[in-house]
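A.B. asks: next input, structure requested:
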Amino acid sequence: MHAVRALAIQLVAAVITVLILNAGVLQGLSLFALASVQGILAAALAGLMRSERWWLPIHLAFLPALVLARSLQLPGWLWAVGFALLVLIYWSTFRTRVPLFLSNRKTVAVLAQALPAGPLRVLDIGSGTGSFARPFARLRPDSQVFGVEAAPGPAWLAGLLARGRTNLQLARGDFFEIDWSEFDVVYAFLSPVPMGEVWEKAERELRPGAVLVSNSFPVPDVAPEGVLTVDDLRKTRLYCYTIRADRAADTQKQHRVWPWRRKRGSPDPALRA
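C.D. replies: Below you'll find the predicted structure:
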């Protein structure tokens, strides 16, 4: 559906560009310049239609990149190789609307330090190339870290880079299809689109006291337990959500990850916004 909308935006932008050209406004521009005008219009239309932010540079560069590649007279087999690589890397991005985001080392360090001492079972959903799971496993050797990634390219690269790390397991698959009940912390760096469904699964399967940490994208209509701010270029924010006990039986099996101060009943200061 979203791929169809993207194609429609490209076509509308192309039609507008042709109309402007026929009106004599863009006369004398090169083919690449005309393609750039179309890209600007496509990105603007995508913004007006409230497409996800990561679509904007795609719309901007799509037609200019095609024109540039055609001018280079690249061999036909190179297109097939490029398409295959894109499929391996992005796989079901058009369906899930979750692009490949990589966690930086400062973000990993902040969360590794903020979590309390002691062994934890940590799940990285949509683990990509292991940019979170690998450094976290190194910084917290007492913990067991698991990563799940759907796209074959990043999953293969993650497994290659993680060799020799005994407290790290990486697998290819759908993180919605696995059981989260044995994990203390679930880390997500996805997109705004699946966060509602991610929260529903976390509430349904995680034990009371476990924590969902979302990089950059808060759960809609749910107030976080706290927010960790990372001192990096993009001022990354980690939204932290604690699973509550809803039934009396849940109270007996609570396993709190974040320490609580008994007198004031407030969360750990490290989680304050």
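
A.B. asks: residue 227: neighbour count?
C.D. replies: Residue 227: 13 surrounding residues under other C-beta atoms under 10 Å. Backbone N, C-alpha and C define where each C-beta goes, glycine included.

A.B. asks: surely it forms part of a helix?
C.D. replies: No: counting by DSSP: H, G, I helix; E, B strand; the rest coil, residue 227 is not part of a helix but strand.

A.B. asks: shouldn't it be in contact with residue 241?
C.D. replies: No: with contacts counted by C-beta atoms under 8 Å, residue 227 stays clear of residue 241, the gap being 10.5 Å.

A.B. asks: and the helices in the chain, which stretches?
C.D. replies: 2-22, 31-48, 55-71, 76-90, 93-96, 105-114, 133-139, 152-161, 195-205, 248-252 (DSSP state H).

A.B. asks: what about residue 6, distance to residue 35?
C.D. replies: Separation of residue 6 from residue 35 (C-beta to C-beta, to the nearest Å): 16 Å.

A.B. asks: neighbour-wise, which of these two wins?
C.D. replies: Taking neighbours as other C-beta under 10 Å, residue 6 and residue 35 compare with residue 35 leading, 22 against 19.

A.B. asks: contacts only, for the residue nearest the centre of the chain.
C.D. replies: Closest residue to the average C-alpha location of the chain: residue 190 at 2.4 Å, with C-alpha atoms, centre = their mean. Contact analysis of residue 190 by C-beta atoms under 8 Å, 6 or more residues apart in numbering lists 98, 101, 125-126, 198, 214, 217.

A.B. asks: and the furthest pair within those residues?
C.D. replies: Within these, two members stand farthest from each other by C-beta to C-beta: 101 and 198, at 14.2 Å.

A.B. asks: between these two, which one's more packed in?
C.D. replies: Neighbours were counted for residue 101 and for residue 198 using other C-beta under 10 Å; residue 198 has more, 23 against 17.

A.B. asks: how close does the more buried one get to residue 72?
C.D. replies: With distances taken as C-beta to C-beta, residue 198 is found 42 Å from residue 72.

A.B. asks: for residue 49, same thing?
C.D. replies: When distance is defined by C-beta to C-beta, residue 49 is 32 Å away from residue 72.

A.B. asks: same deal with residue 164?
C.D. replies: On the measure of C-beta to C-beta, residue 164 and residue 72 end up 41 Å apart.

A.B. asks: what bits of this protein have low per-residue confidence?
C.D. replies: 1-3, 52, 54, 74-100, 245-273 (pLDDT under 70).

A.B. asks: give me the neighbour count for residue 21.
C.D. replies: Residues near residue 21, counting by other C-beta under 10 Å: 14.

A.B. asks: per the record, what domains does this structure have?
C.D. replies: For the chain, automatic domain parsing gives the domain ranges 2-73, 105-271.
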